[in-house]
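Asks: just need the structure, nothing else, for what follows:
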Amino acid sequence: MLTDAKLRGLKHRETLYRVTDSAGLAVEVPVTGAPRWRFRYRFDGKAKMLSLGTYPSVSLAQARLRRDAARAQLANGIDPSANRQEEKRSRSLALAPVPTFRSVAEIWMSRQDVSEATANKSRWIFTKFLYPDLGELPLREITSRVVLDCLRKIEGADMLETARRAKIRVGQVFRFAVIEGLTDVDPTQPLRGALKAPKVKHHAAIVDPVKIGGLLRAIDGFSGQFVTLSALQLAPLVFVRPGELRAAEWAEFDLDGHVWRIPGERMKMKAAHVVPLSKQAVSILRKLHEFTGHGRYVFPSLRSAHRPMSENTVNAALRRLGYSGEEMTGHGFRSLAATRLNEMGWNADAIERQLAHAESNKVRDAYTHAAQYLKERTKMMQAWADYLDSLKAGGKVVAFKPQAGSAA
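Replies: Model prediction:
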């Protein structure tokens with residue numbers, strides 16, 4: 001361990017060197033300049049180093065206290081380096097003479113742990129609709145009336161849903177600012193009910209069995225890219241959300257076990273999801289694996305294998321097949337499956353779990369989520385794939401139903 005005498009005796013060398021103390025603390029002696037205290041540690045499996053000041057401005061005793069404080073943060077699951085950066089940002093924000101809506105919104109956006117698509121949508125709302133009127137205004141000068149005037153412009157362009165989302169974003173920025181001590185109130189709070197309610201627009205979907213058969217035949221006849229064809233063929237067999245499908249990674253699939261495990265960070269509800277795979281789905285994936293199995297993504301972008309396909313690819317393919325946005329969408333495969341499966345008498349809870357919908361009854365959810373109705377869903381997904389094959393064949397279709405007494 002270091003002592004004050006050893007520290008006073010440290011000499012500069014031709015190259016930088018370190019002398020360790022204990023529990024990750026070390027003193028770093030540069031070629032020139034004062035020795036620097038360093039705390040070396042690991043966080044999430046990665047080696048990191050935290051600066052604790054210079055010697056003798058920071059004494060050995062002080063350096064050990066700072067090391068112990070950092071170790072206490074680690075014990076609580078906090079990365080000391082990241083925490084220091086956060087504190088610096090907060091201090092900079094607090095010291096800014098006149099924080100504007102734009103400056104605070106940019107910091108708020110930088111701290112959101114969301115998908116790239118979600119982040120881009122938020123930035124579009126801020127840049128196109130909010131910054132022109134609110135961006136350069138000091139936070140404390142933005143009143144409810146000012147926010148409402150801005151939102152009414154969006155509403156006046158008959159963009160009711162965008163106006164609603166813009167109001168939410170303004171509120172999120174102001175609540176963040178209140179927490180940071182930059183302002184005292186959220187001006188969106190009094191605006192509840194001030195905007196016209198957007199009409200609920202359900203995703204277009206084909207649910208008539210005969211028309212479903214026609215859609216499936218049209219998909220098989222798609223003459224575009226093979227990766228896009230595979231996505232179109234797989235979508236009705238798994239009926240996950242479009243974003244979950246297009247960003248699928250090969251590491252998530254166990255084709256021998258006929259299962260797809262989607263990690264929670266990729267799910268809308270942030271809970272891991274299991275998708276039983278029918279024989280038909282596995283067959284599509286095995287063929288596709290020959291083309292894209294060497295990379296990360298099941299459906300890579302045509303422009304870069306390091307990115308998944310565009311969120312517009314499936315919808316664009318449906319348009320190419322002659323289906324308008326009022327008839328069918330990529331998201332519509334979920335409505336298609338949910339409608340038919342419910343009409344055929346399958347367990348509604350199993351269907352909801354397969355759709356990865358949140359259970360409204362939280363107590364009930366604690367018991368049903370673990371089981372996930374996996375046995376019944378596995379049977380249901382294979383029966384569903386067989387049913388779609390019969391629709392595609394165009395023959396007489398008998399609606400399949402679960403056997404009486406099937407266990408959930």
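Asks: around the nearest residue to M381 once chain neighbours are set aside, how many other residues sit close by?
Replies: With C-beta to C-beta, 6 or more residues apart in numbering as the measure, P276 is the residue that lies nearest to M381, at 4.6 Å, once sequence neighbours are left out. Yep, even glycine has a C-beta here, placed from its N, CA and C like the rest. P276 sits with 21 neighbouring residues when counted by other C-beta atoms under 10 Å.
Asks: close enough to count as contact, P276 and A385?
Replies: No: with contact taken as C-beta atoms under 8 Å, P276 and A385 are classed as non-touching, separated by 10.2 Å.
Asks: break down the stretch 201-350 of the chain into its helices, ranges please.
Replies: In the stretch 201-350 of the chain, the helices defined using DSSP state H, counting those that start in this stretch lie at 209-220, 226-238, 242-246, 279-292, 313-320, 332-343, 348-354.
Asks: need the ones you listed in JSON lines (columns: mean pLDDT).
Replies: Rendered in JSON lines, the data for those read as follows (pLDDT from 0 to 100):
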{"stretch": "helix 209-220", "mean pLDDT": "92"}
{"stretch": "helix 226-238", "mean pLDDT": "94"}
{"stretch": "helix 242-246", "mean pLDDT": "91"}
{"stretch": "helix 279-292", "mean pLDDT": "95"}
{"stretch": "helix 313-320", "mean pLDDT": "90"}
{"stretch": "helix 332-343", "mean pLDDT": "90"}
{"stretch": "helix 348-354", "mean pLDDT": "89"}
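Asks: of those, which approaches S90 most closely?
Replies: Relative to S90, the nearest member of the helices of the stretch 201-350 of the chain by C-beta to C-beta is helix 242-246, separated by 32.2 Å.
Asks: dihedrals phi and psi, V19?
Replies: V19 adopts backbone torsions of phi -120, psi 120, taken as degrees, to the nearest 10.
Asks: go on, V29?
Replies: Listed backbone geometry of V29 is phi -110, psi 110, with angles given as degrees, to the nearest 10.
Asks: lowest-confidence helix or strand of this structure?
Replies: Taking mean pLDDT, DSSP states H and E as the measure, the chain has helix 362-371 as its least confident helix or strand, at a mean of 43.
Asks: after it, which helix or strand is next?
Replies: helix 374-393 (DSSP states H and E).
Asks: who are the packing partners of that following helix?
Replies: helix 209-220, helix 226-238, strand 273-276, helix 279-292, helix 332-343, helix 348-354 (3 or more C-beta pairs under 8 Å, 6 or more residues apart in numbering; DSSP states H and E).
Asks: for I78, find the nearest of those.
Replies: Evaluated with C-beta to C-beta, the helices and strands packed on helix 374-393 place strand 273-276 nearest to I78, the distance being 29.4 Å.
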